[in-house]
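Trainee: build me a model:
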Amino acid sequence: MPSPLYFGPADRPLFGWLHGVARPARLGLVVCSPFGYEAVCAHRALRHFAAAAAQVGVPALRFDYDGTGDSAGDDRDPDRVGAWIRSIGHAADALRRTSGVERVCLLGVRLGALLAAQAALGRDDYEGLIAVAPVTSGKAYARELKALQMATATEPAPEDLAVAVEGDEALGFLIAPETKAALSAQDLLKLDRAPARAVLILDRSDLPSGEKWAAHLSAQGVAVEREILPGYVEMMLDADKTSVPEPMIAAAQRWLQARQGAGTRAMPHVAQVARAALPEVVETAVSVDDDHPLAGILAEPATARRSGEALVLLNAGGVHHIGPNRLWVSLARRWAAAGHVVLRCDLSGVGDSAPRPDEPENAIYTAHAARDIEATVAWVRRQRGVERVSLIGLCSGAYHAFKAAAAGAAIDGVVCINPLVFFYEPEASARVAHSTSESSRYLKSARDLGAWKKLLRGEVHFRQMVRVFVRRGSGLVDGLRKEVLRRLGVRLEEDLAAELRAIDERGIALRFVFAGDDPGLPLLRTQGGATVERLREQGRLSIEIIPRAGHTFTAAWAQAALVALLGKHFG
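Mentor: So this is what the prediction gives:
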């Protein structure tokens, strides 16, 4: 298992995972991630690249640049490109210190390859460079990010939620003007020095682009190997759909093994620091659940008076514990500075937590999530002695948080942000939200028995209703059917209203947040029936809506609106 560690400047600590080896090694590997949304998608693949290196005796350190991931800072800080390049140097120093390697190789994916090449220019202890689908021109890359952002077609902010953004939005992240200018100045084809004596280019098979750089390196006397391999596109799918690029990993592993050699230094005994002091907050890398370790980052107040409340932030789909658009990091640090204890934790099989023996990796809706959440809540209560614990989740995280509350988890509150389903079936659930939204224009309220009378009188299009009704997983019609059965006193096997009542009876504060027309909202109303409105009227269930925000709050204004809304509850 890899070990978490903080390293680098004391006032700007960086975070990483060390994949160690059992014997002395001459060569080590530093894994340099891509930027922003690509880094979120590629997180799983980077872990496999590092693990594959360790399998052949090459210790590897994968890490987050300054202002990204679990490291200090954010993308609004100055000198981003310079800080990222310096971060690679700090990672190489940390790898040599903790593993005793004599030489270091760099592996960079996309923008990480460009940054790694720049970082290697100033040092003489780098053995080589592995560039995966490399970005060779920062200017072209900045144009690509702008085009992708335009293609996302995010909704404009409502007038009362508009925020000023200094820079370009890039799929949930920010490119400040200074960052864009610094990126545009980077061009690997204009480097007059070689970044390393040996370079392996693993080009993407769909759009290979490394041929000119390979020729440039060869002219500089570099031993260049270039392979065009499949796997890049699948590696960059959404985090819950991403797959591991096995051919690329195998090629990198072979290349490292050929240069490995035997280590001559004794392995050092260096204590790895798993705790970092940030402004107003202390963060600790923790392992939750003794039976099956779950990776997490615990944020606690450094100086503020403790509130006695713990907040547990769950995975959103396959996104690891930084959360969508790194929102969980900024929220955790904000709330910890206000006095709360905040745990960002990966459920088993997601992010940096290994799957349980009987489950696959990256399984999002898994029955083990309930056990993971129960163990996490027990751990934070036991370790920090908090009085109250609340769960917060988005999408699948909202589903798991809600199910944990319904199952009797020892929690005091739950915030469900954009849940897509309330009863998960692998094949049917993807259709639930669609059919619910599609059909809501026919019958607006699951508790309105008059709607059924309209249907019988022919005032609702019967053929369309039948088509929706027979489609398994139709949230609206299923909700209508269940509401009728509830009124007839029939006990239901899958009953959202019963779960809502059970949560309410346990005194758990239940809050829902929806992004405008997100399909989970009509699903809640139809499947929950009259119970939803009754609990709302009694002030025991809240539904808050952020119009046009998008399912994962990609736009900067939507992120700001979500932070402000949650801030009303947690400070």
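Trainee: show me this protein divided up by domain.
Mentor: Dividing the chain into domains by automatic domain parsing, as the record does, gives the ranges 3-259, 275-418+550-570.
Trainee: could I get these as a markdown table with mean pLDDT, mean neighbour count and distance to L535?
Mentor: Glycine gets a C-beta too; all of them are placed from N, C-alpha and C. Output for the domains of the chain, formatted as a markdown table (pLDDT from 0 to 100; neighbours: other CB atoms under 10 Å; distance: least, CB to CB, whole Å):
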| stretch | mean pLDDT | mean neighbour count | distance to L535 |
| --- | --- | --- | --- |
| domain 3-259 | 96 | 20 | 27 |
| domain 275-418+550-570 | 96 | 21 | 13 |
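Trainee: possible to save those domains as JSON lines with distance to R265?
Mentor: Putting the domains of the chain into JSON lines (distance: least, CB to CB, whole Å) gives the following:
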{"stretch": "domain 3-259", "distance to R265": "5"}
{"stretch": "domain 275-418+550-570", "distance to R265": "27"}
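Trainee: helices along the stretch 201-350 of the chain, start to end?
Mentor: 211-219, 232-235, 246-259, 327-337 (DSSP state H, counting those that start in this stretch).
Trainee: save these as TSV, and put in distance to A277 too.
Mentor: Written out in TSV, the entries for the helices of the stretch 201-350 of the chain read as follows (distance: least, CB to CB, whole Å):
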stretch	distance to A277
helix 211-219	41
helix 232-235	35
helix 246-259	35
helix 327-337	12
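Trainee: go through these and name the closest to W84.
Mentor: Taking CB to CB, helix 327-337 is the member of the helices of the stretch 201-350 of the chain nearest to W84, at 16.7 Å.
Trainee: ok, residues contacting the closest one?
Mentor: Contacts made with helix 327-337 from outside it, assessed by CB atoms under 8 Å, 6 or more residues apart in numbering, are listed as 69-70, 74, 278-283, 297, 299-302, 304, 311, 313, 321-323, 342, 344, 553, 559, 562-563, 566-567, 570-571.
Trainee: quick one: which of those residues sit in strands?
Mentor: When DSSP state E defines the strands, the subset of the contacts of helix 327-337 inside them is L278, V281, V282, E283, I297, A299, E300, P301, L311, L313, V342, R344.
Trainee: and for A266, the neighbour number?
Mentor: By other CB atoms under 10 Å, the residues close to A266 number 8.
Trainee: gap between it and A162?
Mentor: Counting by CB to CB, to the nearest Å, the gap between A266 and A162 amounts to 60 Å.
Trainee: go on, Q383?
Mentor: As judged by CB to CB, Q383 and A162 stand 42 Å apart.
Trainee: all strands of the stretch 151-300 of the chain, in order?
Mentor: If you assign secondary structure with DSSP state E, counting those that start in this stretch, the strands in the stretch 151-300 of the chain sit at 168-170, 173-175, 198-204, 223-229, 275-278, 281-288, 294-301.
Trainee: put together JSON lines for those strands, with distance to P13 on each row.
Mentor: Rendered in JSON lines, the data for the strands of the stretch 151-300 of the chain read as follows (distance: least, CB to CB, whole Å):
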{"stretch": "strand 168-170", "distance to P13": "25"}
{"stretch": "strand 173-175", "distance to P13": "21"}
{"stretch": "strand 198-204", "distance to P13": "31"}
{"stretch": "strand 223-229", "distance to P13": "35"}
{"stretch": "strand 275-278", "distance to P13": "4"}
{"stretch": "strand 281-288", "distance to P13": "8"}
{"stretch": "strand 294-301", "distance to P13": "12"}
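Trainee: with respect to P9, which of those lies nearest?
Mentor: Evaluated with CB to CB, these place strand 275-278 nearest to P9, the distance being 10.6 Å.
Trainee: within the sheet, what are the partner strands of the closest one, with directions?
Mentor: In the sheet containing strand 275-278, its partner strands are strand 281-288 (antiparallel), by DSSP bridges.
Trainee: so what touches the strand it pairs with?
Mentor: So strand 281-288 is contacted by 4-6, 15, 70, 274-276, 293-302, 333, 336-337, 343, 345, 375-376, 379-380 (CB under 8 Å, 6+ apart).
Trainee: run the last query once more with 6 Å
Mentor: Taking contacts as CB atoms under 6 Å, 6 or more residues apart in numbering, the residues outside strand 281-288 that touch it are 4, 274-276, 293-294, 296-300, 302, 333, 336-337, 345, 376, 379.
Trainee: over to stretch 44-61?
Mentor: For stretch 44-61, the external contacting residues (CB under 6 Å, 6+ apart) are 16, 18-21, 25, 27-31, 33, 62, 91, 95, 99, 235, 242, 244-245, 249, 253, 256-257, 260.
Trainee: list the contacts for G167?
Mentor: Applying CB under 6 Å, 6+ apart, we find G167 in contact with L174, I175, A176, P177.
Trainee: just the helices in the stretch 451-571 of the chain please.
Mentor: Shown for the stretch 451-571 of the chain, the helices assigned by DSSP H, counting those that start in this stretch span residues 462-470, 475-487, 496-505, 520-528, 530-537, 556-570.
Trainee: output the longest one as PDB, nothing but the C-alphas.
Mentor: Extracted in PDB, the C-alpha atoms of helix 556-570 (Å, rounded to 0.1, in the frame of the first residue of the first chain):
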ATOM      1  CA  ALA A 556     -17.400  29.500 -11.200                       C
ATOM      2  CA  TRP A 557     -20.700  31.300 -10.300                       C
ATOM      3  CA  ALA A 558     -22.400  28.000  -9.500                       C
ATOM      4  CA  GLN A 559     -19.500  26.900  -7.200                       C
ATOM      5  CA  ALA A 560     -19.700  30.300  -5.400                       C
ATOM      6  CA  ALA A 561     -23.500  29.900  -5.000                       C
ATOM      7  CA  LEU A 562     -23.200  26.400  -3.600                       C
ATOM      8  CA  VAL A 563     -20.500  27.500  -1.100                       C
ATOM      9  CA  ALA A 564     -22.600  30.400   0.000                       C
ATOM     10  CA  LEU A 565     -25.700  28.200   0.400                       C
ATOM     11  CA  LEU A 566     -23.900  25.500   2.400                       C
ATOM     12  CA  GLY A 567     -22.300  28.300   4.400                       C
ATOM     13  CA  LYS A 568     -25.700  29.200   5.800                       C
ATOM     14  CA  HIS A 569     -25.800  25.800   7.500                       C
ATOM     15  CA  PHE A 570     -22.200  25.300   8.500                       C
END
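Trainee: give me the contacts around it.
Mentor: A157, L161, A162, V163, V165, E169, W335, E544, I546, A549, G550, F553.
Trainee: want to try TSV for those, with distance to A142 as columns?
Mentor: Formatted as TSV, those follow (distance: CB to CB, whole Å):
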residue	distance to A142
A157	24
L161	27
A162	25
V163	22
V165	16
E169	13
W335	33
E544	36
I546	29
A549	26
G550	23
F553	23
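Trainee: pick out whichever of the residues you listed sits closest to C416.
Mentor: If you rank the contacts of helix 556-570 by distance to C416 using CB to CB, E544 comes first, at 10.9 Å.
Trainee: pairing partners for that closest one in the sheet, please.
Mentor: E544 has these beta-bridge partners by DSSP bridges: V513.
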